[in-house]
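Sequence first, then the predicted structure, then my questions.
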Amino acid sequence: MQKDNLKNIILGLFALLGVVIIGITGFHLLEGYSFTDALFMTIITISTVGFREVYPLSPEGKIFTIILIIFSFGIFAYVVTTFTRMLVDGVFRHYYKDNKMKRRVAKLSNHIILCGYGRNGRQVAVDLSDHGEEFVIIEQDEELIETIRENPDLMYIHGDATLEEVLRMARVDRARALITTLPNDADNLFVVLTARQINPTMTIISRASHDNSDMKLKRAGATNVIMPDKIGGQRMAKLVTQPDVIEFIEYIILQKSKDVTLKEVSCTEMHSDYEGKSIGELNVRNYSGANIVGMKKTDKSYVFNPPPTQVLSSHDQLFVLGTPEQIRSLKDILKNPRRNSPVTGQETGT
């Protein structure tokens, strides 16, 4: 709608300019006016301000003036009303804000792109904000964009996420992840295909509405495909069969408080002294208070409730349960050997 308004005002201005040129030319040829006098007569004629003529008009000049008024009045009124409506609706203010936002988004790197700001998209935005992630929203619906504009903390691109130029404006080439929550599976497929072609290494999460769409989206390049209806049905069934377990897990994962959280901790920055050592040798539970409840190994396999004898590798991902302070303590332990460490068996620096 914003682009249509700008297009309309530009077309109106060109039409008005054409009328002015015709008026200047006509008064010059029919009445012999100079350029300044012809311009003055044209402006007072099309604006109907009622000033007197520069010189008395000839019969031909009067007929030309009548025709000029008839054709120019509608164009002039259209330009004035369109311009006024754009001022009242804030189109110019939005245009300035959107361009300022584009320059801000152009500087992003290692961020997340969220395509769509419907019900699913809004929830994704809330959760990403809660985790302190930097993300940009792509949305083409004017009403939803207006809602996004009201939140100064949200970055956005007003456009169609299925178009390559819009994804490039969101810096998909430098993004680390993309989440597409569009309601149409075909649109999500276009987004996944385009994003994967531009950025082969990024994580892509796609929504799917139909059962046969998930495999197509994965073949197109989606890392994971989420079916909200299927997940919702499973959750409702689990709330009947295992209500306390589900509520406990949701409390840990979905809660907004900072009492306890489940986090991924990468071993890529683990100190070389700990390479090939077991969880028991690190004694992280006693030193940090955090619990390692799971692992993801180099071969993508998972280890649930790893025993103390489980050996660690710098390529492992740990799933850790604890308070934010306990998890920070565990990360520090992995990076820095402790004094009187059971692994090194000697005094080390903090």
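The structure has been received and is ready for your questions.

Alpha carbons only: can I get stretch 314-332 in CSV?
Listed next in CSV are the C-alpha coordinates belonging to stretch 314-332 (Å, rounded to 0.1, in the frame of the first residue of the first chain):
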residue,chain,number,x,y,z
SER,A,314,35.7,-31.0,21.8
HIS,A,315,33.1,-31.8,19.2
ASP,A,316,30.3,-32.7,21.7
GLN,A,317,27.3,-30.7,22.6
LEU,A,318,26.1,-30.8,26.2
PHE,A,319,22.6,-30.4,27.4
VAL,A,320,22.8,-28.8,30.8
LEU,A,321,20.1,-28.2,33.4
GLY,A,322,20.7,-25.5,36.1
THR,A,323,20.4,-21.9,37.0
PRO,A,324,22.1,-19.3,34.7
GLU,A,325,24.8,-18.9,37.3
GLN,A,326,25.5,-22.6,37.5
ILE,A,327,25.6,-22.9,33.7
ARG,A,328,28.1,-20.0,33.5
SER,A,329,30.2,-21.7,36.1
LEU,A,330,30.2,-24.9,34.1
LYS,A,331,31.3,-23.0,31.0
ASP,A,332,34.1,-21.4,32.9
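
Give me the contacts around that stretch.
If you take Cβ atoms under 8 Å, 6 or more residues apart in numbering as the criterion, stretch 314-332 is touched by 252, 258-268, 270, 275, 284, 287-298. All C-beta spots, glycine's among them, are computed from the backbone N, C-alpha and C.

What residues does Arg285 make contact with?
Asn291, Ile292.

Let me see the confidence value for it.
pLDDT recorded at Arg285 is 82.

How about the one 5 residues further on?
Note for Ala290: predicted pLDDT of 88.

Tell me how far it lies from His315.
Distance check for Ala290 against His315: by Cβ to Cβ, to the nearest Å, it reads 20 Å.

So which other helices or strands are in contact with the helix or strand containing Lys62?
Using DSSP states H and E, Lys62 sits in helix 59-89. Packing contacts for helix 59-89, counted by 3 or more Cβ pairs under 8 Å, 6 or more residues apart in numbering; DSSP states H and E, involve helix 2-31, helix 35-46.

hey, least reliable of the ones you listed by pLDDT?
Minimum mean pLDDT among the helices and strands packed on helix 59-89: helix 2-31, a mean of 82.

what number of residues lie near Ile327?
For Ile327, the neighbour count with other Cβ atoms under 10 Å is 21.

in what helix or strand does it lie?
Secondary structure assigned from DSSP H and E places Ile327 in helix 324-335.
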